[in-house]
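Asks: Predicted coordinates and the sequence they were generated for:
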Amino acid sequence: MNKTADIHATHFVLDGQSVETYPAPGARLSQVLREDLGARDVKIGCNAGDCGACTVMVDGAPVCACLTPTQQVAGRRVETLAGLYRGDETAQSLADQFAQMGAAQCGVCTPGMMVSAVALLRKTAAPTEQQVQDALGGVLCRCTGYRKIIDAVMGAPATAHDGAGLVGDAIVHLDAAPKTSGTQKFGDDVAPAGTLEVVVIRSPHARATFELGDLDGFVATHDGLVLALTAADVPGKNMFGVIPDFVDQPVFAETHVRFRGEAVAAIVGTPAAIGRIDPTTFPVTWTVLPAATNITTAQASDAHQLHAGRSGNVMCGGFVACGDAETALAKADVTVEGHFQSGFVEHAYIEPEAGFAQVVDGRLEVHACTQAPVMDLDALEDILAMDRSQIRIVPTAVGGGFGSKLDLSVQPYLALAALKTGQPVRLTYNRTESMQSSTKRHPSDIHLKIGATADGKLSGFNFFGAFDTGAYASWGPTVANRVPVHASGPYKITDYRAESKGIHTNNPPAGAFRGFGVPQSAIAQESLFDELAAKLGLDPLEFRILNALENDTPTVCGQMFTQGVGIRACLQSLQPAWDSERAAVAQFNAQNTTLKRGVGVASAWYGCGNTSMSNPSTIKSGVRADGSVVLHQGAMDIGQGSNTVISQIFATALGVSVQSLILVGPDTDVTPDAGKTSASRQTYVSGNAARLSGEALRAAILNHLNVSSDAVLTFGPGVVQAMDATATHSLPLADLTADAEGFVFRAEETYDPPTRPLDENGQGAPYAQFGYAAHLAVVEIDTAFGTVTPVRIVAAHDVGRAINPMLVEGQVHGGIAQGLGMALMEDYIPGRTENLHDYLIPTIGDIPPIETIIVEEPDAHGPYGAKGLGEHVLIPTAPALLNAIHNATGVRITKVPATPSRVRGAINAKSL
């Protein structure tokens with residue numbers, strides 16, 4: 001940094017080394033550590049002290065580096081995770097514990113967590129759970145559900161174990177070491193210091209027209225600015241989206257904006273210049289117009305139309321029907337009905353959208369956090385009007401995604417800026433910008449009526465759901481089509497009608513978020529199932545078991561599975577906990593007046609992969625002449641563990657240990673398309689492609705050696721050996737001809753799930769496999785204040801085959817934490833909750849003990865019987881909690897989140 005008269009040197013000790021820096025007055029320690037001193041293991045998630053990702057130790061005490069002026073550490077000792085990992089035995093031991101417990105998933109919060117934990121362990125070698133929660137309470141995690149972090153800090157017995165890493169082995173994440181050492185590179189970690197930066201100018205209004213002023217003059221009058229970008233600078237289509245028939249969102253709005261946070265321009269300049277810019281001074285004139293901020297307003301007869309050809313602001317709809325729902329309901333012995341609502345839910349990944357772009361030998365390279373690198377390539381090809389061979393997408397590590405990082409964010413702005421300037425550029429959204437512009441979970445407005453006969457059998461089901469898809473389509477069509485397929489839950493219903501509509505409003509685009517609308521429909525369906533059971537005088541769990549889907553029973557889409565339907569096993573596995581918790585709750589409530597406890601249950605199913613669409617993944621592998629086995633694995637790991645699971649499947653198919661593999665991660669230049677990381681598809685679809693690739697590679701080697709199929713393969717320097725019942729056969733690899741990639745053997749295989757299109761009534765085969773789940777929740781409620789405290793959750797999941805039981809448990813914990821947030825606290829309100837202080841997500845003290853029950857009903861299509869899992873976990877969590885609230889208080893919460901004011905209001909209304 002330039003030394004000027006008013007900027008003085010600040011000296012301190014960083015990770016044992018004396019350093020000198022020249023920060024501007026009040027410069028954040030986090031910024032100085034990362035950009036001036038190269039300590040990019042210090043993560044920035046909010047710049048407001050809300051997330052704790054930037055936690056470092058100053059003289060042994062943990063502090064948020066983003067809230068600490070650098071001058072305050074003059075003469076003091078600063079420690080980061082990377083420094084601790086290099087030389088502190090406590091940190092090294094803790095890193096091993098984190099790995100062995102699966103406590104680092106995406107890894108972006110791990111530096112803050114581990115630094116805080118080391119500070120605690122230096123003072124208290126054997127902390128209690130409460131002490132861990134107190135010490136780590138200021139660090140947010142969106143992936144793990146915190147319980148494994150608590151276990152790691154407390155030194156609980158390891159969940160992982162040593163082994164070859166074959167299917168069924170609970171080995172550590174293969175990428176655990178970079179995460180626990182602080183060396184993992186995320187979207188904001190890859191650009192060289194001093195690189196040109198981009199800032200996007202966004203609308204402060206939900207609906208407005210605008211005119212841009214003298215942009216050249218603005219750039220010229222601000223020292224260090226290089227250029228401004230607008231729609232006029234987009235050489236191709238000024239439009240992006242994820243569904244081909246619904247590509248409708250402009251890179252830059254041209255004359256009018258449809259939501260608060262929409263991009264209208266971007267500025268490129270030096271870091272110092274960008275840091276001085278006040279975006280409100282950008283030359284743009286706004287004319288504010290009336291906005292439709294809910295689905296009722298948007299569907300009014302006088303409402304403005306957001307998009308041509310979408311009459312009544314209806315984006316699209318979905319429909320599934322079988323039998324005669326109305327007649328069945330009319331004949332039913334009992335019926336229940338309800339109106340259920342939910343609001344926007346923010347993904348709240350701890351890593352904001354970030355990336356870096358440069359032109360290398362005339363080709364564009366974009367490095368960014370993404371869940372879908374090939375989809376990014378497809379979009380940039382159209383936006384830039386460039387041949388795709390001239391574009392390379394190199395994903396960074398992803399600090400949480402949950403669906404929103406399927407959509408483009410920083411990529412087009414980085415690409416345009418790099419091409420226009422010819423220089424490397426970087427862009428990182430601040431937290432407010434991320435929350436304004438990123439997609440959300442769809443708000444829902446659901447009406448549902450369900451009937452049953454006197455013997456407890458379901459008889460008639462009529463569902464209608466309207467979903468606020470915001471200003472642009474994003475993944476709204478997927479939500480609209482998926483919900484009617486799933487709204488029945490995993491139950492036998494012969495007379496069924498479900499309809500959904502996606503409605504455009506002037507709200508942020510709603511897109512993919514762990515469940516694609518199914519969590520919203522499950523709240524309605526599972527809540528009313530409790531009401532039905534009560535009317536029938538049946539135990540709620542017994543009622544569900546009675547109506548659960550079975551093998552050889554048609555779904556509401558007419559699809560028949562001859563095997564693998566595991567919902568009954570999931571529900572039955574909850575019976576012991578259900579019986580004991582019901583008894584314990586009754587005893588507790590008899591002894592308490594203000595505090596009341598309740599127990600609730602709910603179940604779920606979820607189809608893995610795209611709905612009735614081609615959904616392929618391709619995996620490449622090979623053997624080099626030096627004897628190394630290489631796996632090109634293009635499936636994005638966003639913390640869920642696909643790097644590990646897919647490698648385990650491949651290793652099992654080839655017949656080697658997973659530790660012997662050389663892994664090549666996603667890169668559109670060198671890895672085939674493994675499809676997007678969404679819809680709980682990677683274990684199933686990419687896992688199958690990995691199995692096929694491993695089997696093909698093995699077959700090629702065995703065929704060359706002319707040995708039996710059960711031979712044991714070993715790979716050594718320059719040789720492969722196959723041992724069968726007769727002898728050990730050796731093959732010197734140097735004798736073979738290598739291909740252009742250096743492989744003497746290679747295999748590239750593709751798997752696409754077998755599905756069938758749905759007809760006009762939604763009949764067909766939308767998914768080749770479903771996963772199943774059932775959750776039990778115990779809550780304690782202070783009826784005087786309406787506060788809800790989860791006490792315990794028991795989660796049963798049919799995963800077909802647990803490829804890695806530790807990772808299964810990690811997904812269960814993380815999904816439950818997000819479902820709990822949706823149920824009890826999370827409420828995104830545009831313009832009001834655009835930070836992690838006002839928008840609340842669960843902290844380490846909010847998640848109760850979780851018991852995971854792994855059910856294995858093998859699936860005929862899954863690799864070694866495995867099914868997807870990631871989204872299934874979130875779906876039954878909220879309705880189980882809501883049913884527990886009802887069990888405790890007698891009030892039914894029909895609008896989430898069930899905040900204290902909402903719960904207390906319902907209790908008051910009931911007592912009148």
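Replies: Thanks, I have the structure now. Numbers count the residues shown, from 1 in each chain.

Asks: got the residue ranges for the helices in the stretch 201-350 of the chain?
Replies: Using DSSP state H, counting those that start in this stretch, the helices of the stretch 201-350 of the chain run over 215-220, 271-276, 295-298, 325-331.

Asks: how many other residues sit next to T124?
Replies: By other CB atoms under 10 Å, 12 other residues sit near T124. Glycine gets a C-beta too; all of them are placed from N, C-alpha and C.

Asks: Next: L448.
Replies: Residues near L448, counting by other CB under 10 Å: 22.

Asks: Can you list the buried residues in the host helix or strand of it?
Replies: Assessed by DSSP states H and E, L448 sits inside strand 444-452. Neighbour counts over strand 444-452 (16 or more other CB atoms under 10 Å) mark 444-446, 448-452 as buried.

Asks: Could you list every helix and strand in contact with it?
Replies: helix 325-331, strand 334-342, strand 458-470, helix 518-536 (3 or more CB pairs under 8 Å, 6 or more residues apart in numbering; DSSP states H and E).

Asks: Against which helices or strands is the second one packed?
Replies: By that I understand strand 334-342. In terms of contacts (3+ CB pairs under 8 Å, 6+ apart), strand 334-342 is packed against strand 444-452, helix 518-536, strand 895-896.

Asks: Tell me how far M435 lies from C46.
Replies: Distance of M435 to C46, given as CB to CB, to the nearest Å: 10 Å.

Asks: for Q100, same thing?
Replies: For Q100 relative to C46 (CB to CB), the value is 29 Å.

Asks: Direction-wise, compare the strand or helix carrying L546 with helix 518-536 and give the angle.
Replies: Assigned by DSSP H and E, L546 belongs to helix 540-547. For helix 540-547 against helix 518-536, the angle by axes from the mean of the first three to the mean of the last three CA atoms, to 10 degrees is 100 degrees.

Asks: Show me the contact partners of helix 540-547.
Replies: For helix 540-547, the surrounding residues in contact (CB atoms under 8 Å, 6 or more residues apart in numbering) are 456-458, 491-493, 529-530, 532-534, 536, 538, 568, 571-572, 574-575, 578, 600-601, 603, 774, 883.

Asks: Buried residues, that helix. List them.
Replies: In helix 540-547, counting by 16+ other CB under 10 Å, buried: 540-541, 543-547.

Asks: And whichever helix or strand comes after it, what does it pack against?
Replies: Per DSSP H and E, the first helix or strand lying C-terminal to helix 540-547 is helix 567-573. Helices and strands touching helix 567-573, by 3+ CB pairs under 8 Å, 6+ apart, are helix 540-547, strand 595-607, strand 770-782, strand 787-798, strand 850-855.

Asks: on that earlier part again, let me know the angle separating the helix holding L546 from strand 770-782.
Replies: Here helix 540-547 points in a direction 170 degrees away from that of strand 770-782 (the same axes, to 10 degrees).

Asks: Now do helix 540-547, average pLDDT.
Replies: Confidence over helix 540-547 (mean pLDDT, whole number) is 98.

Asks: how far away is K867 from L528?
Replies: Distance from K867 to L528, counting by CB to CB: 27 Å.

Asks: Likewise for G870?
Replies: Going from G870 to L528 by CB to CB gives 26 Å.

Asks: Show the pLDDT at A679.
Replies: On pLDDT, A679 comes in at 89.

Asks: What's the local residue count around it?
Replies: Counted with other CB under 10 Å, residues neighbouring A679 total 28.

Asks: Kindly report the same for Q31.
Replies: Burial of Q31 is recorded as 20 neighbouring residues (other CB under 10 Å).

Asks: For it, what is the enclosing helix or strand?
Replies: Judged by DSSP H and E, Q31 forms part of helix 29-31.

Asks: residues making contact with that helix?
Replies: Identification of contacts with helix 29-31 by CB under 8 Å, 6+ apart yields 42, 44, 47, 54, 56, 64-66, 68-70, 72-73, 78.

Asks: Next, the angle strand 444-452 makes with the helix holding L546.
Replies: 70 degrees.

Asks: thinking again about what came up before, a markdown table please, covering the helices and strands packed on strand 444-452 and showing distance to D278 and mean neighbour count.
Replies: Shown next, in a markdown table, are the helices and strands packed on strand 444-452 (distance: least, CB to CB, whole Å; neighbours: other CB atoms under 10 Å):
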| stretch | distance to D278 | mean neighbour count |
| --- | --- | --- |
| helix 325-331 | 58 | 17 |
| strand 334-342 | 37 | 18 |
| strand 458-470 | 28 | 25 |
| helix 518-536 | 39 | 24 |
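
Asks: So which of these is nearest G312?
Replies: Of all the helices and strands packed on strand 444-452, the one in closest proximity to G312, counting by CB to CB, is strand 458-470 (11.3 Å).

Asks: what's the average pLDDT for the closest one?
Replies: Model confidence over strand 458-470, given as mean pLDDT, is 98.

Asks: in the stretch 751-900 of the chain, which ranges drop under the pLDDT threshold?
Replies: Along the stretch 751-900 of the chain, no part satisfies pLDDT under 70.

Asks: SS state for T877?
Replies: helix (DSSP: H, G, I helix; E, B strand; the rest coil).

Asks: residues in contact with it?
Replies: Applying CB under 8 Å, 6+ apart to T877 gives the contacts 602, 775, 777, 793, 815-816, 818-820, 822-823.

Asks: before we move on, back to that, between the helices and strands packed on helix 567-573, which one is closest to N462.
Replies: Short answer: helix 540-547, nearest of the helices and strands packed on helix 567-573 by CB to CB, at 16.6 Å.

Asks: Okay, buried residues for the helix or strand harbouring S901 please.
Replies: Using DSSP H and E, S901 falls within helix 900-911. Neighbour counts over helix 900-911 (16+ other CB under 10 Å) mark 900, 902-904, 906-907 as buried.

Asks: Y839 contacts F344, correct?
Replies: No: taking contacts as CB atoms under 8 Å, Y839 lies outside contact range of F344: 9.7 Å.

Asks: overlap in contacts of the two?
Replies: Taking CB under 8 Å, 6+ apart as the criterion, Y839 and F344 both touch 827-828.

Asks: that older thread, redo the buried residues of helix 900-911 as JSON lines? Include distance to V268.
Replies: Output for those, formatted as JSON lines (distance: CB to CB, whole Å):
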{"residue": "P900", "distance to V268": "46"}
{"residue": "R902", "distance to V268": "46"}
{"residue": "V903", "distance to V268": "49"}
{"residue": "R904", "distance to V268": "51"}
{"residue": "A906", "distance to V268": "52"}
{"residue": "I907", "distance to V268": "55"}
